[in-house]
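Chemist: Got a predicted model here, sequence first, then my questions.
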Amino acid sequence: MTVALVCAASQGLGKAAARALAADGAAVAICSRRGDAIEAAARELRQETGADVAPFVADLSRAPDPARVVQQTVDRFGGLDILVTNTGGPRSAPFEARIIQQIPMGRLGDPADLAHVIAFLASAGGDYVTGTTIPVDGGYLRGVL
């Protein structure tokens, strides 16, 4: 069994990453500062994917919490294979309006856009991908090639 821990997973990018990993068959531990939100996310992910999802309350800005949530994951599932170190934060509406016009795809990314890349990199298919940066930005950063 593959075990993943996804941080800040009550909504947005973290929740999308947890959903993609669970859909690929991983058992998933998720954490958030808000107990009610992480419990609701866990219920939703279980219903959608049928995966074993364990919610934990953790504030990753507090020194004991990151180590504690890792240990809780290991205690619950017997190990840890995938760690998604996500932290939450609000979007800036003025920033969005300015940046969209510069993105060749013509839109901001959806959390699922990044989640699919995370799931690929964590899968056997991505095991030879190492030491690189993969921009998931709709073409905003134009490559050298």
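Modeler: Done, it's in.
Chemist: show me what contacts Val6?
Modeler: By Cβ atoms under 8 Å, 6 or more residues apart in numbering, the contact list for Val6 reads 14-15, 17-18, 21, 28-31, 84, 86. Bear in mind the C-beta positions are built from the backbone N, C-alpha and C, glycine included.
Chemist: Out of those, give me the one that has the most neighbours.
Modeler: With neighbours set by other Cβ atoms under 10 Å, the maximum within the contacts of Val6 is found at Ala18, which has 35 neighbours.
Chemist: I figured that residue was touching Ala41, is that so?
Modeler: Yes. With contact defined as Cβ atoms under 8 Å, Ala18 and Ala41 form a contacting pair (7.4 Å).
Chemist: Spit out the residues that contact the two alike.
Modeler: Going by Cβ under 8 Å, 6+ apart, residues that sit against Ala18 and also against Ala41 are 9, 30.
Chemist: per-residue confidence averaged over stretch 102-114?
Modeler: Averaging pLDDT along stretch 102-114 gives 92.
Chemist: Need the contact partners of that stretch.
Modeler: Under the criterion Cβ under 8 Å, 6+ apart, residues 12-13, 15-17, 19-20, 96, 99-100, 136-140 lie in contact with stretch 102-114.
Chemist: In this protein, what residue spans correspond to helices?
Modeler: Counting by DSSP state H, one finds helices in the chain at the ranges 12-23, 35-49, 64-77, 93-100, 111-122.
Chemist: show me what contacts Ile99?
Modeler: Taking Cβ under 8 Å, 6+ apart as the test, what Ile99 contacts is 108, 140.
Chemist: Would you mark the buried spots in the helix or strand bottoming out on mean pLDDT in the chain?
Modeler: Lowest on mean pLDDT, DSSP states H and E among the helices and strands of the chain sits helix 93-100, with a mean of 78. In terms of neighbour count (16 or more other Cβ atoms under 10 Å), helix 93-100 has no buried residues at all.
Chemist: From the chain's centroid, how far away is it?
Modeler: For helix 93-100, the distance between its averaged C-alpha position and the chain's averaged C-alpha position is 23 Å (Cα atoms, centre = their mean, to the nearest Å).
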